[in-house]
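In: coordinates only, sequence not included:
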């Protein structure tokens, strides 16, 4: 008896590099079998002077992390990479814009490569239904940043810190290659990051339009603990919540964690 073939090809730096160069991106791509964290690899590259658009990817990472220090669980068949951003990070408070651009870019790439239409759980999770399929982590260093992306591409669904998970492959309308998806994510994220005017409005509206939270009851915990209904989002990505007392609160993603309530379909009168 032979083992069933693995339904994904290994990540190939040459394929990623070729696709990036076709879009005018000539930064280096590093692919390793195993690392502690692609985010840490990219931060080290940033300190060493690596250029804008440099990519660090791995098949496995042992110390992956998400927002607010949460663990990012890594299993075979995922897509794990981080990239250096040196353009468009001059704002004094860029994390909201960077997160919006990175998540919207990843959603566009998934749609283009696989036909799967992901939604966004504020501020940085990619979901299908209520199950998580990926996330984005942004860390700034002065006027530069590292954007990390983790996607459950083919790896088995399960639970991540109590949250249901799923895979992109489960929703894909056609076969896809992880190397091509990674390159598409980089291209789309960089395009979104440099968008201005009407182009940025389209990025922002896509991020808002794919939200799973608009009009739904949530519980917010952290520096602020409250419950309410999500009314809309501020231009910098902050969440606007109408609490149970009728007050409108504006909540930054850096302060809190958030969960949908059991009766999340309903609204307050």
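Out: Arrived safely, thanks for sending. This structure is a prediction, so every number in the text was calculated from the model and none was measured.

In: How about the longest helix anywhere in the chain, which residues are buried there?
Out: Secondary structure of the chain read by DSSP state H shows that its longest helix is helix 95-114. Counting neighbours by 16 or more other C-beta atoms under 10 Å, one finds that the buried residues in helix 95-114 are 95-110, 113-114. Bear in mind the C-beta positions are built from the backbone N, C-alpha and C, glycine included.

In: Which strands or helices does it pack on?
Out: The contact analysis (3 or more C-beta pairs under 8 Å, 6 or more residues apart in numbering; DSSP states H and E) places helix 95-114 against strand 119-121, strand 125-128, strand 131-141, strand 144-151, helix 178-193, helix 197-209.

In: again, only using 6 Å
Out: With contacts taken as 3 or more C-beta pairs under 6 Å, 6 or more residues apart in numbering; DSSP states H and E, helix 95-114 sits against strand 131-141, strand 144-151, helix 178-193, helix 197-209.

In: so where is this protein shaky, pLDDT-wise?
Out: Scanning the chain with the threshold set as pLDDT under 70 gives 1-6, 63-74, 90-93, 156-162, 223, 254-256, 262-269.

In: List of residues touching the longest helix of the chain?
Out: Residues external to helix 95-114 that are found in contact with it (C-beta atoms under 6 Å, 6 or more residues apart in numbering): 116-118, 120, 123-124, 136, 138, 145, 147, 149, 168, 172, 176, 181, 184-185, 188-189, 192-193, 203, 206-207, 236-237.

In: which residues touch residue 45?
Out: By C-beta under 6 Å, 6+ apart, the neighbours of residue 45 are residue 54.

In: ok, of the contacts of helix 95-114, which come out buried?
Out: Buried members of these, counted by 16+ other C-beta under 10 Å: 116, 118, 120, 123-124, 136, 138, 145, 147, 149, 168, 172, 176, 181, 184-185, 188-189, 192-193, 203, 206-207, 236-237.

In: The helices and strands packed on helix 95-114 into TSV, with extra columns for distance to residue 14?
Out: Supplementary listing: the helices and strands packed on helix 95-114 in TSV, determined by distance: least, C-beta to C-beta, whole Å:
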stretch	distance to residue 14
strand 131-141	24
strand 144-151	20
helix 178-193	9
helix 197-209	30
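
In: Which of these sits closest to residue 11?
Out: Relative to residue 11, the nearest member of the helices and strands packed on helix 95-114 by C-beta to C-beta is helix 178-193, separated by 5.4 Å.

In: Which neighbouring elements make contact with the closest one?
Out: helix 13-22, strand 79-85, helix 95-114.

In: Adding distance to residue 219, write the ones you listed out as TSV.
Out: Written out in TSV, the entries for the helices and strands packed on helix 178-193 read as follows (distance: least, C-beta to C-beta, whole Å):
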stretch	distance to residue 219
helix 13-22	40
strand 79-85	30
helix 95-114	21
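
In: for residue 230, which residues make a bridge with it?
Out: The residues paired with residue 230 through beta bridges, assigned by DSSP bridges, are residue 241.

In: what about it, distance to residue 236?
Out: Distance, residue 230 to residue 236, by C-beta to C-beta, to the nearest Å: 16 Å.

In: In contact with the residue nearest the centre of the chain, which residues?
Out: Within the chain, the residue whose C-alpha comes closest to the C-alpha centroid is residue 136; the distance, by C-alpha atoms, centre = their mean, is 2.7 Å. Taking C-beta under 6 Å, 6+ apart as the definition of contact, the neighbours of residue 136 are 102, 103, 124, 149.

In: repeat for residue 50
Out: By C-beta under 6 Å, 6+ apart, the residues touching residue 50 are residue 84.

In: My reading is that it lies in a strand. Confirm?
Out: No: assessed by DSSP: H, G, I helix; E, B strand; the rest coil, residue 50 does not belong to a strand; its assignment is coil.

In: start at 794 instead
Out: Noted, 794 is the first residue going forward, which turns the last one into residue 843.

In: From residue 1031, how far out is it?
Out: Taking C-beta to C-beta as the measure, residue 843 falls 31 Å from residue 1031.
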